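Colleague: got a predicted structure plus its sequence, pasted below:
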Protein chains: 2
Amino acid sequence: MLDTPEIPLATFDGLVFGPRSDMPIWQQIRDHILSLIEAGILRPGSQLPGETHLAASLGVTRITLRQALQQLQNEGHLTARKGVGIFVRSPPAIFSVRDGHPFRENIETHSAPITTDTRFVKREAATAELAERLRVGEGVEIVHLRRLRLLGDQPVYVNDKYFPAERFPDFEALYAERQSVTDVFRAHGIAAFRRVETRISGGFSTADEAENLRLTPGTPVFHMNARNEDGNGRTIEWTSGCWPLTSVEFVFGPGSR
Amino acid sequence: MLDTPEIPLATFDGLVFGPRSDMPIWQQIRDHILSLIEAGILRPGSQLPGETHLAASLGVTRITLRQALQQLQNEGHLTARKGVGIFVRSPPAIFSVRDGHPFRENIETHSAPITTDTRFVKREAATAELAERLRVGEGVEIVHLRRLRLLGDQPVYVNDKYFPAERFPDFEALYAERQSVTDVFRAHGIAAFRRVETRISGGFSTADEAENLRLTPGTPVFHMNARNEDGNGRTIEWTSGCWPLTSVEFVFGPGSR
DNA sequence: CAGTGGTCTAGACCACATG
DNA sequence: ATGTGGTCTAGACCACTGG
């Protein structure tokens, strides 16, 4: 962790948990912590006090506190890392992803810059499922690219792209140069291509996805995948991505195509 | 509840929870219950034994059991009703909702018939937000229609539609006759219309949504909304719907429009 | 090694829905 | 009045991470 200021316990004082103020205690705690995040007192990346200390300070059991923390993790505001601590995540804005638009045009409101982190480019043999997606034979060589999109230093989108290696012999070198898939297409003689089908579904983050997005495993997420064809109707890309449920809104429509 | 056979405790026997068989006990319990659901032993609509009995039968604490039940509720397999019991929900199939297609064509796989339940049609004054959605003045009269889609007897989609009342003076009578919004449009001289923009986002179910969909409040859900225009570019409908996260997949693309 | 979050126990009281 | 799920307590041990 590069920047993990620990937040003093006193930050959480000033709460009166009337045992029956008509709302469960854990929910009052959730609301209080959330308000601290939204007020900017708990900044993204900072570390909360340990659960034991925090529970004692709030005058509740650890289990009660954990119920509040759990919900905040599901909502994408906190991330727990075993053996390390609990950190504020809180992407402060909501993405609007418009289908058919470049990623950079998709951010409607944001308070931090968007950056891209290329995790790896490698070659693999196509699994049965992937072979079907790309319309190639099983075991055929494919290029596998993984990228991460960050809002400030908070990852909000992890994306795996697959390409038939045969079509893109120079993928690595070209991508390294410009960091742009569109440019790699162009350099290989593909001027026009289109997104054929986009599927959006919901699920719960795997350990892998959670690690990439810095979420607690099991947090609800969006899954999106799509296929791109060249001008001749041949599949040149299969893409598959994952967002925290509360960080994105998808927009489709005639105006966006 | 019309049909809530209680499931005998013995159904849940046959488990050996080695305290350290490398997976948390609550997760083993979750997997076991899920497998009973998927095997058809726990049928949709049936009621589980009380938490106290079930916990004792499984040889764990109620809290441990509840952790398993909670996850199954988030996943949409179970519904808890306070003071009543826990019921199997489990829509056995996943919807594919293709934008621009009638709802009935959207079901790819299903083991039960799709039905529609019209909850109400009423007239209201437009709130500020709704007025903006429908491009009318605040306080203008609108028609509000709520429908529920069921797979078998399991609700999988709740949908609120709003129409400018001025355009549809005979809405109630016409809708009562055919139960079709398209027919109401047609009867009012609107032959062609189109969906202008579709937005999909994620969230956690409110008490209202949870009641309609028979979910536990707080369960993650999809929210979808869209606007329909007539041939002259005037807004004739604003629609807003809610699905359990795990019961639907959205499909967009040139082929579906 | 010390500190963290993850898991689990054995109780208890409450609000709620139903008969 | 009974049984349900919802909440909460006061402990405990574990696996993991990092210095």
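Modeller: Okay, I see it. Numbering: from 1, shown residues only, chains lettered A, B, ... in the order given.

Colleague: could you pull out the helices for chain A?
Modeller: A:25-38, A:51-58, A:62-74, A:128-134, A:171-178, A:181-187, A:207-213 (DSSP state H).

Colleague: those: which one's closest to DNA strand C?
Modeller: Go through those one by one with CB to the nearest atom of the strand and the one that ends up closest to DNA strand C is helix A:51-58, at 3.7 Å. All C-beta atoms are positioned from the backbone trio N, CA, C, and that covers glycine.

Colleague: list the buried ones in stretch A:34-42?
Modeller: Buried residues in stretch A:34-42, counted by 16 or more other CB atoms under 10 Å in any protein chain shown: A:34, A:36-37, A:42.

Colleague: so which residues on chain A come close to DNA strand C?
Modeller: Counting by CB under 7 Å from any atom of the strand, the residues of chain A close to DNA strand C are A:20, A:48-53, A:62-63, A:66, A:80-86, A:216.

Colleague: of those residues, buried ones?
Modeller: Buried subset of the residues of chain A next to DNA strand C (neighbour count, 16+ other CB under 10 Å): A:48-49, A:51, A:66, A:80, A:85-86, A:216.

Colleague: which of those lies closest to chain B?
Modeller: Closest approach between these and chain B, by CB to the nearest CB: A:Arg66, at 10.7 Å.

Colleague: distance of the closest residue to that closest one other than its chain neighbours from A:Ala68?
Modeller: Take A:Arg66 and drop its neighbours on the chain: the residue closest to it by CB to CB, 6 or more residues apart in numbering or on different chains is A:Glu51, 6.6 Å away. According to CB to CB, to the nearest Å, A:Glu51 and A:Ala68 sit 10 Å apart.

Colleague: ok, A:Leu148 next?
Modeller: Distance from A:Leu148 to A:Ala68, by CB to CB: 29 Å.

Colleague: those two - which one has more neighbours?
Modeller: Neighbour tally, A:Leu148 and A:Ala68, criterion other CB atoms under 10 Å in any protein chain shown: the higher count belongs to A:Ala68, 25 against 17.

Colleague: could you pull out the strands for the stretch 1-150 of chain A?
Modeller: Along the stretch 1-150 of chain A, counting by DSSP state E, counting those that start in this stretch, strands occupy A:78-81, A:85-88, A:95-98, A:114-125, A:141-151.

Colleague: out of these, which one sits most buried?
Modeller: strand A:95-98 (a mean of 22; mean count of other CB atoms under 10 Å in any protein chain shown).

Colleague: who wins for proximity to DNA strand D among the strands of the stretch 1-150 of chain A?
Modeller: Closest of these to DNA strand D is strand A:78-81, at 6.6 Å (criterion: CB to the nearest atom of the strand).

Colleague: how about A:Asp183, nearest residue that isn't a chain neighbour?
Modeller: Excluding the flanking residues, the one nearest A:Asp183 by CB to CB, 6+ apart is A:Leu174, at 6.7 Å.

Colleague: test my guess that the one you found contacts A:Phe185.
Modeller: No. Applying CB atoms under 8 Å, one finds A:Leu174 not in contact with A:Phe185, separated by 9.4 Å.

Colleague: for the closest residue to DNA strand C within the stretch 101-250 of chain A, give me phi and psi.
Modeller: Per CB to the nearest atom of the strand, A:Thr216 is where the stretch 101-250 of chain A lies closest to DNA strand C, at 5.8 Å. For A:Thr216, the backbone dihedrals (degrees, to the nearest 10) come out as phi -80, psi 130.

Colleague: mind pulling the model confidence for it?
Modeller: What the model reports for A:Thr216 is a pLDDT of 90.

Colleague: residues contacting stretch A:176-191, please?
Modeller: Applying CB atoms under 8 Å, 6 or more residues apart in numbering or on different chains, the contact partners of stretch A:176-191 are A:116, A:118, A:121, A:145, A:161, A:167-171, A:174-175, A:193, A:230-231, A:236-237.

Colleague: redo that, cut-off 6 Å
Modeller: With CB atoms under 6 Å, 6 or more residues apart in numbering or on different chains as the contact definition, stretch A:176-191 has outside contacts at A:168, A:171, A:174-175, A:230.

Colleague: I'd like the mean pLDDT over that stretch, please.
Modeller: The average of the pLDDT scores along stretch A:176-191 is 92.

Colleague: output it as CSV, nothing but the C-alphas.
Modeller: Extracted in CSV, the C-alpha atoms of stretch A:176-191 (Å, rounded to 0.1, in the frame of the first residue of the first chain):
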residue,chain,number,x,y,z
ALA,A,176,3.3,-1.6,-26.6
GLU,A,177,3.8,1.4,-28.9
ARG,A,178,0.4,3.1,-28.7
GLN,A,179,-1.5,1.2,-25.9
SER,A,180,-4.4,1.2,-28.2
VAL,A,181,-6.3,-1.8,-29.6
THR,A,182,-7.9,0.3,-32.3
ASP,A,183,-4.4,1.2,-33.5
VAL,A,184,-3.4,-2.5,-33.6
PHE,A,185,-6.4,-3.2,-35.7
ARG,A,186,-5.6,-0.4,-38.1
ALA,A,187,-2.0,-1.5,-38.4
HIS,A,188,-3.2,-5.0,-39.4
GLY,A,189,-5.4,-3.6,-42.1
ILE,A,190,-8.7,-3.5,-40.2
ALA,A,191,-10.1,0.0,-40.7
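
Colleague: quick one: it to chain centroid distance?
Modeller: 25 Å (CA atoms, centre = their mean, to the nearest Å).

Colleague: what residues of it count as buried?
Modeller: Neighbour-count burial for stretch A:176-191, counted by 16+ other CB under 10 Å, picks out A:181, A:184-185, A:187-188, A:190.

Colleague: correct me if wrong: A:Glu138 contacts A:Ala128.
Modeller: Yes. With contact defined as CB atoms under 6 Å, A:Glu138 counts as touching A:Ala128 (5.3 Å).

Colleague: looking at those two, which one has more neighbours?
Modeller: The residue with more neighbours, out of A:Glu138 and A:Ala128 and counting by other CB under 10 Å, is A:Glu138; that gives 12 against 9.

Colleague: the lowest-mean-pLDDT helix or strand in chain A pairs with which strands, and in what direction?
Modeller: The helix or strand of chain A with the lowest confidence, counting by mean pLDDT, DSSP states H and E, is strand A:95-98 at a mean of 74. Paired with strand A:95-98 in the same sheet, following DSSP bridges, are strand A:248-252 (parallel).

Colleague: list the contacts of the partner strand.
Modeller: A:94-99, B:198-201, B:252.

Colleague: extract the CA atoms of it and return them as PDB.
Modeller: C-alpha atoms of strand A:248-252 as PDB (Å, rounded to 0.1, in the frame of the first residue of the first chain):
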ATOM      1  CA  VAL A 248     -21.400   2.100 -13.300                       C
ATOM      2  CA  GLU A 249     -24.500   2.800 -15.300                       C
ATOM      3  CA  PHE A 250     -24.900   1.400 -18.900                       C
ATOM      4  CA  VAL A 251     -26.600   3.500 -21.500                       C
ATOM      5  CA  PHE A 252     -27.900   2.100 -24.800                       C
END
